[in-house]
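Enquirer: Okay, predicted coordinates and the sequence, questions at the end:
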Amino acid sequence: MEKVRMGFIGCGGNARGHLKRVLTFPDVEVVALADPRPRALELATGLDPRLEAVSKFPDYREMLEKVELDAVEISTPHTLHYEQIMASLERGLHVLTEKPMVCTSEHARQVIAKAKEVGKVLMISYQRHFSPAFRFLRNYIRFGELGEIQFVSALQAQNWYLSQKDTWRQKLSLAGGGQLNDSGSHLLDIILWTTGLAAEEVSAYIEHFDVEVDINSALSLKFSNGALGNFSVVGNAPSGFWEDITFFGSKGAVYYRNGKLSYHRFGSRESFEPQGLPDASTPDRNFVDAILGRDEVQVPPECGLRVIELTEAAWRSAELGGRPVRVERGEEL
């Protein structure tokens, strides 16, 4: 295969960001776009003259039936991912999907099994796996520079409640959940991925305000190695985006403050900030390289499974008034 023939399921603002990146790849040919909204297709087509002649469909299933494809990228409301992933895999296509991968752990296990059955790449667009800061941090932890992880404190704050008012993201039938399942999905994933920890038990309190999905979430966790954690996902912040994560280990601590890393070691007043980190890549680039056999998948679907397992447990705990709930992980895949 010299060029990957790519189709897009969903052409909204997020999808157009992916489309812009893919259009710069010489080893990809965008051959089809699908979206039920004519305006979304129009805006996507306007990104590049090459897209004028590309086949366009109001229904992604028609695209899968009529166009010769090698792969698709999915960027649609969360609860639609499962059906779209399964339909694409059944057609023998490689799949890159936006987060969250799916909205239940049962669906996560099914799409993972299907991808293995058909032998195709299934990947999630968690772009932080390609962030220089988080890749450095993951390696730092894996090589034992922090010692054993003992505590993780994380805060994500965003003006999500007001900015997403009256959109599909606050409709349970389309979003599958609220801020915890949306931007918060990135937070849960990056902590599980960088540390390699497995969440064992969670207690959660959730505030919905006047909408049907979670806005503010407070999670207390216990990990399988005995480490503890506090995760705060605040969807009703006044403006902007703020993220603050601290990893405490037996040898020291790493502080991540909205993109900036610093490391502090026990027994020393010195700290350092990593310098000269490699340039970031993107999920789109890794997806194509994995299809062409040039790289391993950097965001395997198991990451999506672990995130939804923890999210489901948090939702159950909140329904039970904050009682501890075990994270049901089942068998290793």
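Expert: Now that the structure is in, tell me what you want to look at.

Enquirer: ok, then the element right after the worst-scoring helix or strand of the chain on mean pLDDT?
Expert: The helix or strand of the chain with the lowest confidence, counting by mean pLDDT, DSSP states H and E, is strand 271-272 at a mean of 65. Downstream of strand 271-272, the next assigned helix or strand under DSSP states H and E is helix 283-291.

Enquirer: Let me see the ranges of the helices in the stretch 101-250 of the chain.
Expert: 105-118, 132-142, 160-163, 172-175, 183-195 (DSSP state H, counting those that start in this stretch).

Enquirer: How is this structure divided into domains?
Expert: Annotated domains of the chain cover 4-127, 128-279+301-326 [automatic domain parsing].

Enquirer: Which one of those domains has the poorest average confidence?
Expert: Ranked by mean pLDDT, the domains of the chain bottom out at domain 128-279+301-326, which scores a mean of 94.

Enquirer: gap between that domain and the chain center?
Expert: Here the centre of domain 128-279+301-326 is set off from its chain's centre by 12 Å, with Cα atoms, centre = their mean, to the nearest Å.

Enquirer: Show me what the top helix by length along the chain packs onto, helices and strands only.
Expert: Longest helix in the chain by number of residues, with DSSP state H as the criterion: helix 301-319. Packing partners of helix 301-319 (3 or more Cβ pairs under 8 Å, 6 or more residues apart in numbering; DSSP states H and E): helix 105-118, strand 122-124, helix 183-195, strand 199-207, strand 216-223, strand 325-326. Every C-beta, even on glycine, is put in place using the N, C-alpha and C of the backbone.

Enquirer: would you turn the ones you listed into CSV with distance to residue 19 and mean neighbour count?
Expert: Listed next are the helices and strands packed on helix 301-319 as CSV, based on distance: least, Cβ to Cβ, whole Å; neighbours: other Cβ atoms under 10 Å:
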stretch, distance to residue 19, mean neighbour count
helix 105-118, 23, 18
strand 122-124, 17, 28
helix 183-195, 21, 23
strand 199-207, 34, 20
strand 216-223, 32, 21
strand 325-326, 40, 16
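
Enquirer: can I assume residue 48 is in contact with residue 21?
Expert: No. Applying Cβ atoms under 8 Å, one finds residue 48 not in contact with residue 21, separated by 11.8 Å.

Enquirer: before we move on, the earlier item: dump the domains of the chain to a markdown table, plus distance to residue 292.
Expert: Formatted as a markdown table, those follow (distance: least, Cβ to Cβ, whole Å):
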| stretch | distance to residue 292 |
| --- | --- |
| domain 4-127 | 7 |
| domain 128-279+301-326 | 17 |
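
Enquirer: nearest to residue 288, of the ones you listed?
Expert: The closest of the domains of the chain to residue 288 is domain 4-127. By Cβ to Cβ, the value is 5.5 Å.

Enquirer: what number of residues lie near residue 10?
Expert: The tally of other residues near residue 10 (other Cβ atoms under 10 Å) stands at 27.

Enquirer: And for the one 4 residues further on?
Expert: Each residue near residue 14 was counted by other Cβ under 10 Å, and the total is 13.

Enquirer: ditto for residue 173
Expert: By other Cβ under 10 Å, neighbour count at residue 173 equals 9.

Enquirer: Without its sequence neighbours, what residue ends up closest to it?
Expert: residue 79 (6.6 Å; Cβ to Cβ, 6 or more residues apart in numbering).

Enquirer: Now the phi/psi pair for the one you found, please.
Expert: Phi and psi for residue 79, reported as degrees, to the nearest 10, are phi -70, psi -10.

Enquirer: mind checking how far it is from residue 201?
Expert: 27 Å (Cβ to Cβ, to the nearest Å).

Enquirer: so what's residue 105 up against?
Expert: 305, 308, 309, 312, 328, 330 (Cβ atoms under 8 Å, 6 or more residues apart in numbering).

Enquirer: quick one: pLDDT of the last one?
Expert: Right, residue 330. At residue 330, pLDDT is 64.

Enquirer: burial measure for the residue lying closest to residue 277 once chain neighbours are set aside, as a count.
Expert: With Cβ to Cβ, 6+ apart as the criterion, residue 277 has its nearest non-adjacent residue at 3.5 Å, and that residue is residue 132. By other Cβ under 10 Å, 15 other residues sit near residue 132.
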